[in-house]
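1. Pasting the sequence and the predicted coordinates here, then a few questions.
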Amino acid sequence: VLTGSSLNLYDMSPEILAQIDLARQVYASGVPAFGSCWGLQVLTAAAGGVVRRNPKGREMGFARRIVLSEAGRAHPMMAGRPFAFDAPAIHQDEVETMAPGTTLLASNGMSEVQAVEIRSGRAVAWAVQYHPEFSFGEVADIGISIADRLISEGFFTELEEVSRWHADLVA
């Protein structure tokens, strides 16, 4: 399982390259994998895809109206999901080019790639751009920790507004 990170894959620092190498080893081993957000991006890069900064900006708080593809409606990872749903999300990057062996399972207006299955090497990975592992409180705490960035990006106009949003999510 690979989850979130504040790193940006396209920076290709030694720490990032080590995680991509680990994902390649997972694919080669045949061990199934799951990735959320950063995990999706690392698994994509390890299989030959490309990640970029999302030209539409950050998706913050909740990914809205994630819509299942035809393949997604039949995929076990999406069992029980409605045709369209919202999910906790905090990311500014997205998959620009899916890796060979990728099946698109869900998209929304912010990112074409919100959920995928990636077959690479001897393994299969299921991955999502959103954070099913986050509670509302965790989303709120991450948001308050980057409050200045969220204000500069236009999500909020002042710190008091971020604080009210935080309190609402915690409640």
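-> That came in fine, so what should we check first?
2. Quick check: mean pLDDT of the longest strand anywhere in the chain?
-> Longest strand of the chain, by residue count under DSSP state E: strand 59-68. What strand 59-68 shows for mean pLDDT is 96.
3. go on, stretch 119-129?
-> 97.
4. Can you get me the start-to-end distance on it?
-> Length of stretch 119-129, first residue to last, C-alpha to C-alpha, to the nearest Å: 17 Å.
5. helices or strands up against the longest strand of the chain?
-> strand 84-91, strand 102-107, helix 136-145 (3 or more C-beta pairs under 8 Å, 6 or more residues apart in numbering; DSSP states H and E). Where C-beta positions appear, they are placed from N, C-alpha and C, glycine not excepted.
6. And the next helix or strand past the longest helix along the chain?
-> For the chain, the helix that runs over the most residues, judged by DSSP state H, is helix 14-29. Using DSSP states H and E, the helix or strand that follows helix 14-29 in sequence is strand 33-36.
7. chain center to that next one: distance?
-> Remark: strand 33-36 is offset 10 Å from the chain centroid, using C-alpha atoms, centre = their mean, to the nearest Å.
8. Same question for stretch 78-94.
-> That offset, for stretch 78-94, works out to 9 Å (C-alpha atoms, centre = their mean).
9. Start and end of it, how far apart?
-> 20 Å.
10. quick one: buried residues of stretch 28-37?
-> A33, F34, G35, S36, C37 (16 or more other C-beta atoms under 10 Å).
11. Would you quantify the distance from P55 to E112?
-> Separation of P55 from E112 (C-beta to C-beta, to the nearest Å): 12 Å.
12. Contacts made by the longest strand of the chain with the rest, please.
-> Contacting residues not belonging to strand 59-68 are listed as 78, 81, 83-92, 105-111, 114-115, 129-130, 139, 143, 150, 155, 165, 169 [C-beta atoms under 8 Å, 6 or more residues apart in numbering].
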